[in-house]
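In: starting from these lines, generate the structure:
(one chain, ligands or ions: 1)
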Amino acid sequence: MLKVWLNGYSGQIGSAIAKLLDPLQYEIFETDKDELDITDIENVMSFGEMNRPDIIINCAGMTDVEKCENNKEEAFRVNAIGARNLSIIAGKISAKLVHISTDDVFNGTKEKPFDEFDEPNPISVYGKSKLAGERYVKEFTKKHFIIRSSWVYGHGDNFVSKIIQAAQNEDILKIANDQFGTPTSADELAKFIIYIMNTNEYGTYHMTCNGVCSREEFAREILQQLKINAQIIPVTTNQADFTSRHPSYTVLDHLILSILNDYQLITWQDALSHYLKKEGQ
Ligand SMILES: NC(=O)c1ccc[n+]([C@@H]2O[C@H](COP(=O)([O-])OP(=O)(O)OC[C@H]3O[C@@H](n4cnc5c(N)ncnc54)[C@H](OP(=O)(O)O)[C@@H]3O)[C@@H](O)[C@H]2O)c1
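Out: Down below sits the predicted model:
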């Protein structure tokens, strides 16, 4: 039975993976900050050496973009040093490492989708710390999957849940029309992670649902699918509700997936529909 060590199992993406991992197929070790802080190299090393997982999944991270902006050292400690620590133990025990990264590693000025070979050039502390994490993963492990995704929503507090809650309480929502990307459900991302970790096709992947939209279009689709009447006013990011700073255009091109050609992605609208049904909306 393969042993899988899932870090950050209670986060949006981690909890989606935790639900999909079949305990009959995998021996699963789930840790979060309370059980094991990934920034503590000694604890990471001893946990890894004691349990000797075949696969380490890193879903732990400091994900609040504004908090990262105001706490640069902490952002780099978690997103870069934490990733480094997991890479060192993965290399030492010869485990595969699945590391989740982000579209925020790009600067968003290209106005065409970014593929895996475009040069990252992040503009936020969050993006810079995530890129530093990617570089450590490449430096310390050979058997890695770096998976960049975007606009992920899962169980918990996220753009979708905030829009629904606000639309039920307020008549007018101000939503950014100057940010473009691809909403991706944590479930779709989790399915892909479990698929790819069982292969030997190492490297960097762009994985999002199919399609492109603005934050405003995303919000309209949420309300339309739920048949909620609320007025949406398009505004720029600095005037918008529920939107943190983010490069304006970070659509990810799935170049590597299209070359490998055996993984089917669904549209962001279909993924949203599955999510809303699952969440009982
Ligand atoms: N959400 C997105 O749109 C998106 C898009 C692309 C990539 N990603 C990446 O995917 C990963 C997971 O994202 P998510 O949306 O699932 O985030 P999330 O819901 O914020 O979950 C992150 C998890 O990491 C844990 N954590 C934080 N610091 C830790 C530490 N020092 N040691 C161990 N665990 C720690 C958190 O625990 P506490 O709650 O106790 O702090 C939380 O359970 C992150 O690396 C993020 O950068 C996210």
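In: only C-alpha atoms for contact and neighbour calcs from this point on.
Out: OK.
In: residue boundaries of the helices in the chain?
Out: Taking DSSP state H to define them, one finds helices in the chain at 12-20, 41-51, 65-70, 72-76, 82-93, 125-140, 159-169, 186-197, 215-226, 255-260, 268-278.
In: can you list those helices in TSV and add mean pLDDT and mean neighbour count?
Out: Listed next are the helices of the chain as TSV, based on pLDDT from 0 to 100; neighbours: other C-alpha atoms under 10 Å:
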stretch	mean pLDDT	mean neighbour count
helix 12-20	97	20
helix 41-51	98	15
helix 65-70	96	16
helix 72-76	98	19
helix 82-93	98	24
helix 125-140	98	23
helix 159-169	92	16
helix 186-197	98	19
helix 215-226	97	19
helix 255-260	93	13
helix 268-278	97	17
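In: now for the ones you listed, which one comes closest to the ligand?
Out: helix 12-20 (3.6 Å; C-alpha to the nearest ligand atom).
In: for the closest one, packing partners?
Out: Counting contacts by 3 or more C-alpha pairs under 8 Å, 6 or more residues apart in numbering; DSSP states H and E, helix 12-20 is packed against strand 2-7, helix 186-197.
In: off-centre distance for the longest one?
Out: Averaging C-alpha positions (C-alpha atoms, centre = their mean, to the nearest Å) puts helix 186-197 11 Å from its chain's average.
In: which residues sit against that helix?
Out: With C-alpha atoms under 8 Å, 6 or more residues apart in numbering as the test, helix 186-197 has contacts from 12-13, 16-17, 20-21, 55, 96, 98, 145, 149, 152-154, 207-209, 271.
In: one more time with 6 Å
Out: 13, 16, 17, 152, 153, 154 (C-alpha atoms under 6 Å, 6 or more residues apart in numbering).
In: mind putting the helices of the chain in JSON lines, distance to the ligand included?
Out: Converted to JSON lines, the helices of the chain look like this (distance: least, C-alpha to the nearest ligand atom, whole Å):
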{"stretch": "helix 12-20", "distance to the ligand": "4"}
{"stretch": "helix 41-51", "distance to the ligand": "10"}
{"stretch": "helix 65-70", "distance to the ligand": "9"}
{"stretch": "helix 72-76", "distance to the ligand": "9"}
{"stretch": "helix 82-93", "distance to the ligand": "7"}
{"stretch": "helix 125-140", "distance to the ligand": "7"}
{"stretch": "helix 159-169", "distance to the ligand": "9"}
{"stretch": "helix 186-197", "distance to the ligand": "8"}
{"stretch": "helix 215-226", "distance to the ligand": "13"}
{"stretch": "helix 255-260", "distance to the ligand": "17"}
{"stretch": "helix 268-278", "distance to the ligand": "13"}
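In: out of these, the one nearest residue 113 is which?
Out: helix 255-260 (9.9 Å; C-alpha to C-alpha).
In: and residue 200, how many neighbours?
Out: 11 (other C-alpha atoms under 10 Å).
In: and it, how close does it get to residue 98?
Out: 12 Å (C-alpha to C-alpha, to the nearest Å).
In: and for residue 121?
Out: 22 Å.
In: same thing with residue 108?
Out: The spacing between residue 108 and residue 98, counted by C-alpha to C-alpha, is 25 Å.
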